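Trainee: The sequence and its predicted three-dimensional model are supplied below.
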Amino acid sequence: AQANHIVRERVTTPDDSFYGQQWHHNENNDHDIDTDLAWDITTGGLTATGDEIVACVVETGGAKWDQADILPNHWVNENEIPDNGIDDDENGYVDDYDGWNSNADNDNIGTGNHGTQVSSMIGAKGNNASGITGVNWDVKIMQVHMGGISEANVVEAYTYPMKMRKLYNQTGGDRGAFVVVTNSSWGTDFGQPADAPIWCAMYDSLGTYGVLSCGATSNSELNIDAVGDLPTACPSEYLISVTATDDGDIRQFAGYGQTTIDL
């Protein structure tokens with residue numbers, strides 16, 4: 001004889017108001033990214049040693065990080081005292097409390113709609129009975145506001161999360177941030193990696209410290225293998241190049257490439 005234990009399905013469904021409209025998480029014909037299966041393993045949170053897991057969103061216009069469904073997952077530099085004019089954590093950036101605006105050299109992040117959408121898809125607070133849910137319910141989103149799409153600005157923007165992860169590694173987590181990924185939903189159509197060796201090398205540099213990077217490919221139906229793209233044609237093993245499909249699993253407007261595009 002034994003106890004009649006309760007058996008439950010291991011399906012994790014958030015209670016966010018608009019989750020049912022987010023077909024990319026769970027679509028009836030499986031034309032989705034199977035986020036619900038990942039949620040059975042984890043919905044985010046902290047590392048085993050209690051550190052925040054950080055995703056860095058690099059955007060030319062910033063993001064409305066104080067929007068109610070993003071704010072709970074907004075990353076702040078806890079080792080920096082805001083607005084005191086001192087580089088408290090000695091990372092080379094003064095008053096970088098809410099992230100970094102590499103154009104203005106401060107932490108005043110713009111309120112761009114595109115960056116808000118990207119941040120929401122990555123990490124809108126999940127299972128809070130409000131709004132939508134991100135892929136990660138609990139994650140810290142580091143905001144980096146890039147000055148514009150020139151290669152110098154790209155390198156400068158990526159340098160911030162790289163330095164923060166390097167500092168984290170060097171101090172055993174006392175300073176810096178445990179940045180695990182950057183996201184870049186922008187680029188240059190027909191860009192050639194051979195013409196942008198420093199840009200492409202940034203992904204290797206980030207990877208050396210433990211940071212993967214994601215890049216969205218062209219919003220035009222181009223064979224990236226043949227015509228090129230930046231950043232998604234960069235050859236770095238630390239860069240994941242992503243195209244787009246609809247709820248019928250059809251790629252209607254985005255780039256493709258057997259060699260260059262990963263997902």
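Mentor: Received, thanks.

Trainee: And the strands in the stretch 1-150 of the chain?
Mentor: Ranges of strands in the stretch 1-150 of the chain, per DSSP state E, counting those that start in this stretch, are 54-59, 100-101, 140-145.

Trainee: just checking, what packs against the last one?
Mentor: Strand 140-145 sits against strand 54-59, strand 100-101, helix 113-123, helix 151-170, with contacts defined as 3 or more Cβ pairs under 8 Å, 6 or more residues apart in numbering; DSSP states H and E. Heads up, the C-betas are built off the backbone N, CA and C, glycines and all.

Trainee: In terms of secondary structure, what does the second one contact?
Mentor: On a contact count with 3+ Cβ pairs under 8 Å, 6+ apart, strand 100-101 meets strand 140-145.

Trainee: report the angle between the axes of the strand it packs on and helix 113-123?
Mentor: Interaxial angle of strand 140-145 relative to helix 113-123 (axes from the mean of the first three to the mean of the last three Cα atoms, to 10 degrees): 160 degrees.

Trainee: Helix or strand with the lowest mean pLDDT in the chain?
Mentor: Among the helices and strands of the chain, helix 35-39 carries the lowest confidence by mean pLDDT, DSSP states H and E, at a mean of 93.

Trainee: returning to what we had before: can you say which of the helices and strands packed on strand 140-145 is nearest to residue 7?
Mentor: Go through the helices and strands packed on strand 140-145 one by one with Cβ to Cβ and the one that ends up closest to residue 7 is helix 113-123, at 32.0 Å.

Trainee: Could you tell me which residues within the closest one count as buried?
Mentor: 115-116, 118-123 (16 or more other Cβ atoms under 10 Å).

Trainee: Might you report the residue contacts of the closest residue to residue 233 other than its chain neighbours?
Mentor: Taking Cβ to Cβ, 6 or more residues apart in numbering, and ignoring the residues beside it in sequence, residue 233 has residue 260 as its nearest neighbour in space, at 4.7 Å. When contacts are counted by Cβ atoms under 8 Å, 6 or more residues apart in numbering, residue 260 touches 217, 224-225, 229, 232-233, 241.

Trainee: how about 10 Å then?
Mentor: With contacts taken as Cβ atoms under 10 Å, 6 or more residues apart in numbering, residue 260 has the following neighbours: 193, 217, 223-226, 228-229, 232-235, 239, 241, 243.

Trainee: follow-up on the earlier one: so which of the buried residues of helix 113-123 comes closest to residue 139?
Mentor: Nearest member of the buried residues of helix 113-123 to residue 139, counting by Cβ to Cβ, is residue 123, at 4.4 Å.

Trainee: what separates the closest one from residue 198, distance-wise?
Mentor: Separation of residue 123 from residue 198 (Cβ to Cβ, to the nearest Å) stands at 29 Å.

Trainee: I'd assumed residue 240 was in a helix, is it?
Mentor: No: applying DSSP: H, G, I helix; E, B strand; the rest coil, one finds residue 240 to be strand, outside a helix.

Trainee: what number of residues lie near it?
Mentor: Residue 240 has 17 neighbours, counted by other Cβ atoms under 10 Å.

Trainee: who does it bridge with?
Mentor: The partner list for residue 240 in beta bridges (DSSP bridges) reads residue 214.

Trainee: And the pLDDT at it?
Mentor: Among the per-residue scores, residue 240 shows a pLDDT of 98.
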